[in-house]
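Q: My questions concern the predicted model and sequence given below.
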Amino acid sequence: MDTAIALVNLFNTAAPGVAQLIVLIRNKNGNISVVAMLDEADAQFSANMKQAEDWLASHPKT
Amino acid sequence: MKKRIIALGIVGFLLVSCSDPDLKTVASALEDTARGVGVLQSTVINAADRGVISESTTRPLLEFALSVNRAGKVAIAVTKEWSKLEKNDRAQLLKILEPLLEKLQDSDSFVLANVQDPKARREIQAALSLIQASLGTAQLVLVSKGQ
């Protein structure tokens, strides 16, 4: 999908307006929105892990 | 103009070829699971900070949350490779998610047995239910066409 976005960006250089389309697509039912959801979930899981690991590290088992 | 039409055509092709509704449901369920785990962790840490649950109760809940986070990231990594859910993909994802659903039941029993404060217990159980509902949605979609 990164390739697809890179491709669209490439075309956008020659055809202004496609960038706005990307934003539109991210909110529609296509695979790009699936990828966007997975990216969001991945970032959230990472943030969760950091929060849990930080707490566990600051409260070592006695 | 011609270039713009070509660009739109490519985008359209990508959308049409990659819009498996089950895949979208699974992605959405993973996103909800991630949010649910975030809520669980914040609730548990907040309760620990307030002193209404002990560190020995907080620790296993956060360790459980960590296992969901890790499994979630694995599920995302494999799901990102697919544009459509095939039978084998469904089985692969179920193998990652189903153990978490089993652990959720254990965690719920653990909370019932160890969290005495009613408000904290209610909040933690609500967060666990949110995670269970999200993972259950993914499981249902994966099982429905995976047999």
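A: Nice, thanks for sending it over.
Q: use CA for all of it now, contacts and neighbours both
A: Fine.
Q: what does the average pLDDT come to for whichever strand or helix holds B:L66?
A: Taking DSSP states H and E as the criterion, B:L66 maps to helix B:55-79. Average pLDDT, helix B:55-79: 97.
Q: Now do the closest residue to A:A41 other than its chain neighbours against B:S54, distance only.
A: Closest residue in space to A:A41, ignoring its immediate chain neighbours: B:E31 at 4.3 Å, by CA to CA, 6 or more residues apart in numbering or on different chains. Going from B:E31 to B:S54 by CA to CA, to the nearest Å gives 30 Å.
Q: Now do B:K95: how many residues are near it, please.
A: 12 (other CA atoms under 10 Å in any protein chain shown).
Q: With A:A57 instead?
A: A:A57 has 10 neighbouring residues, counting by other CA under 10 Å.
Q: The strand or helix carrying it: which residues count as buried?
A: Under the criterion DSSP H and E, the helix or strand holding A:A57 is helix A:31-58. Neighbour-count burial for helix A:31-58 flags A:31-42, A:44-46, A:48-49, A:51-52, A:55-56 (criterion: 16 or more other CA atoms under 10 Å in any protein chain shown).
Q: Tell me which other helices or strands it touches.
A: helix A:18-26, helix B:2-17, helix B:21-49, helix B:55-79 (3 or more CA pairs under 8 Å, 6 or more residues apart in numbering or on different chains; DSSP states H and E).
Q: just the angle between the last one and helix A:31-58, please?
A: Going by axes from the mean of the first three to the mean of the last three CA atoms, to 10 degrees, helix B:55-79 is angled at 150 degrees with respect to helix A:31-58.
Q: Any buried residues in helix B:55-79, and which?
A: B:55, B:57-59, B:61-66, B:68-73, B:75-76, B:79.
Q: okay, the angle between it and helix B:21-49?
A: Per the same axes, to 10 degrees, the angle that helix B:55-79 makes with helix B:21-49 is 160 degrees.
Q: what about helix B:55-79 and chain A, touching?
A: Yes - in terms of CA under 8 Å from any CA of the partner chain, part of helix B:55-79 sits within range of chain A, namely B:E55, B:R59, B:L62, B:E63, B:A65, B:L66, B:N69, B:R70, B:G72, B:K73, B:I76.
Q: before we move on, what about stretch B:35-51?
A: Yes - using CA under 8 Å from any CA, stretch B:35-51 reaches chain A at B:R35, B:V37, B:G38, B:Q41, B:I45.
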